[in-house]
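S.K.: sequence-free structure coming up:
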């Protein structure tokens with residue numbers, strides 16, 4: 001299978017750094033070519049500059065001005081948040097569309113290939129459909145609006161960095177710059193038609209146990225094992241799916257200095273999530289008590305740091321942002337289905353700040369893995385859904 005970048009003749013141009021030239025070629029190809037072009041550029045969290053420059057080039061070629069804020073320096077990224085605006089040409093409700101430019105870190109090169117209508121990475125690591133498929137659909141939607149002279153009530157495109165490590169770019173963005181009160185992200189790995197009515201709140205926890213070091217062979221009685229205390233705490237935690245609303249996890253653990261020393265310290269990182277704020281508070285308290293009990297039993301000390309990761313939200317089917325989405329999906333032949341997500345997206349940030357931002361599934365599959373893929377038909381369909389949303393909001 002041949003690389004799509006090779007098929008379109010872009011590799012040589014990209015290597016030479018001709019962003020503007022590549023963008024001019026872009027005008028005569030389609031959303032698939034734009035997506036594969038973006039996907040081929042690695043953009044782990046904090047290192048999104050190359051993709052940001054490509055996006056800026058695409059938008060400027062459309063005659064749009066792009067504003068980049070100063071968030072990059074504040075959050076440790078090579079890019080700030082990118083905002084561009086299509087001024088309204090009709091009455092109605094303006095909309096914003098948001099996508100993130102970072103991906104989980106790839107473990108090798110990214111070589112998008114198409115086989116039987118499916119795009120995947122031929123080099124055995126992530127593809128980056130999360131979230132570059134949304135980036136491509138939104139930009140292509142804007143191009144179609146402009147090229148077709150399609151009436152609209154105002155469109156804003158927002159592209160953020162460092163979403164994958166805690167929605168950091170979106171949290172650093174000044175949401176008062178947005179004129180639109182309703183918005184959409186396409187950041188759910190599910191068939192097109194699924195509408196996410198809610199996402200959980202999350203609390204992060206860093207737990208550090210302090211013991212007493214001693215030679216493990218000569219004076220083990222004098223030691224107090226911080227690792228043993230942490231192990232007991234973790235064993236006592238309820239992990240995984242707690243109930244229909246809640247989950248918890250311990251994701252990282254490290255400690256000790258050598259195999260022949262009773263470990264003086266051990267730290268683990270945990271999280272709890274729930275769609276129910278009361279359940280989340282109770283679960284976090286339960287986890288704290290388990291850590292305290294384990295420390296006491298092992299004659300160790302424990303320090304715990306809690307941090308809110310993000311706040312959840314819940315929509316009703318009759319909320320305007322949901323009704324517009326349902327109408328747009330139906331107009332493009334999709335039957336809306338409604339569900340909840342166990343993960344977060346930039347939508348959490350905007351909903352926390354008083355806007356209405358809905359997450360729509362866009363067909364990507366097995367995200368964050370080497371099997372990540374997306375169908376050509378789904379890329380093209382999300383352009384149509386974007387245009388249908390614009391039409392539905394136009395009064």
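M.R.: Yes, it's here. As the structure is a computational prediction, the values presented were derived from the model and not from experiment.
S.K.: Which stretches in this structure count as helices?
M.R.: For the chain, applying DSSP state H gives helices covering 4-7, 11-16, 19-26, 31-39, 49-61, 71-75, 129-148, 168-172, 226-236, 277-297, 320-331, 346-352, 376-392.
S.K.: Can I get those helices in JSON lines including distance to residue 201?
M.R.: Backbone N, C-alpha and C define where each C-beta goes, glycine included. Shown next, in JSON lines, are these (distance: least, CB to CB, whole Å):
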{"stretch": "helix 4-7", "distance to residue 201": "40"}
{"stretch": "helix 11-16", "distance to residue 201": "41"}
{"stretch": "helix 19-26", "distance to residue 201": "40"}
{"stretch": "helix 31-39", "distance to residue 201": "31"}
{"stretch": "helix 49-61", "distance to residue 201": "30"}
{"stretch": "helix 71-75", "distance to residue 201": "21"}
{"stretch": "helix 129-148", "distance to residue 201": "22"}
{"stretch": "helix 168-172", "distance to residue 201": "14"}
{"stretch": "helix 226-236", "distance to residue 201": "23"}
{"stretch": "helix 277-297", "distance to residue 201": "5"}
{"stretch": "helix 320-331", "distance to residue 201": "20"}
{"stretch": "helix 346-352", "distance to residue 201": "8"}
{"stretch": "helix 376-392", "distance to residue 201": "27"}
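S.K.: now the ones you listed as JSON lines including distance to residue 367, mean pLDDT and mean neighbour count?
M.R.: As requested, these are exported to JSON lines (distance: least, CB to CB, whole Å; pLDDT from 0 to 100; neighbours: other CB atoms under 10 Å):
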{"stretch": "helix 4-7", "distance to residue 367": "19", "mean pLDDT": "44", "mean neighbour count": "17"}
{"stretch": "helix 11-16", "distance to residue 367": "24", "mean pLDDT": "41", "mean neighbour count": "12"}
{"stretch": "helix 19-26", "distance to residue 367": "25", "mean pLDDT": "42", "mean neighbour count": "17"}
{"stretch": "helix 31-39", "distance to residue 367": "12", "mean pLDDT": "97", "mean neighbour count": "24"}
{"stretch": "helix 49-61", "distance to residue 367": "17", "mean pLDDT": "97", "mean neighbour count": "20"}
{"stretch": "helix 71-75", "distance to residue 367": "23", "mean pLDDT": "98", "mean neighbour count": "17"}
{"stretch": "helix 129-148", "distance to residue 367": "4", "mean pLDDT": "97", "mean neighbour count": "23"}
{"stretch": "helix 168-172", "distance to residue 367": "18", "mean pLDDT": "98", "mean neighbour count": "25"}
{"stretch": "helix 226-236", "distance to residue 367": "28", "mean pLDDT": "98", "mean neighbour count": "21"}
{"stretch": "helix 277-297", "distance to residue 367": "25", "mean pLDDT": "98", "mean neighbour count": "17"}
{"stretch": "helix 320-331", "distance to residue 367": "21", "mean pLDDT": "98", "mean neighbour count": "19"}
{"stretch": "helix 346-352", "distance to residue 367": "15", "mean pLDDT": "98", "mean neighbour count": "25"}
{"stretch": "helix 376-392", "distance to residue 367": "13", "mean pLDDT": "98", "mean neighbour count": "22"}
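S.K.: residues near the closest residue to residue 70 other than its chain neighbours, how many?
M.R.: If the residues on either side of it in the chain are set aside, residue 70 comes closest to residue 80, at 5.8 Å by CB to CB, 6 or more residues apart in numbering. Residue 80 has 23 neighbours, counted by other CB atoms under 10 Å.
S.K.: Likewise for residue 317?
M.R.: Quick note: residue 317 (other CB under 10 Å) scores 11 neighbours.
S.K.: wait, it sits on residue 338?
M.R.: Yes. Assessed by CB atoms under 8 Å, residue 317 is found in contact with residue 338 at 6.5 Å.
S.K.: Now for these two: what residues contact both?
M.R.: Any residue near both residue 317 and residue 338 by CB atoms under 8 Å, 6 or more residues apart in numbering counts here, and that gives residue 197.
S.K.: mind checking pLDDT for the residue lying closest to residue 248 once chain neighbours are set aside?
M.R.: Residue nearest to residue 248 in three dimensions, not counting chain neighbours: residue 272, with 4.5 Å by CB to CB, 6+ apart. If you check residue 272, the pLDDT there is 98.
S.K.: distance of the closest residue to residue 102 other than its chain neighbours from residue 318?
M.R.: In this structure, residue 102 finds its nearest non-sequential neighbour in residue 45, 4.5 Å apart by CB to CB, 6+ apart. Distance of residue 45 to residue 318, given as CB to CB, to the nearest Å: 37 Å.
S.K.: With neighbour numbers in mind, choose between these two.
M.R.: Counted by other CB under 10 Å, residue 45 and residue 318 do not tie: residue 45 has more neighbours, with 22 against 8.
S.K.: follow-up on the earlier one: tell me who's in contact with the residue nearest to residue 102.
M.R.: The neighbours of residue 45, taking CB under 8 Å, 6+ apart as the test, are 77, 102, 104, 105, 161, 162, 163, 164, 165, 168.
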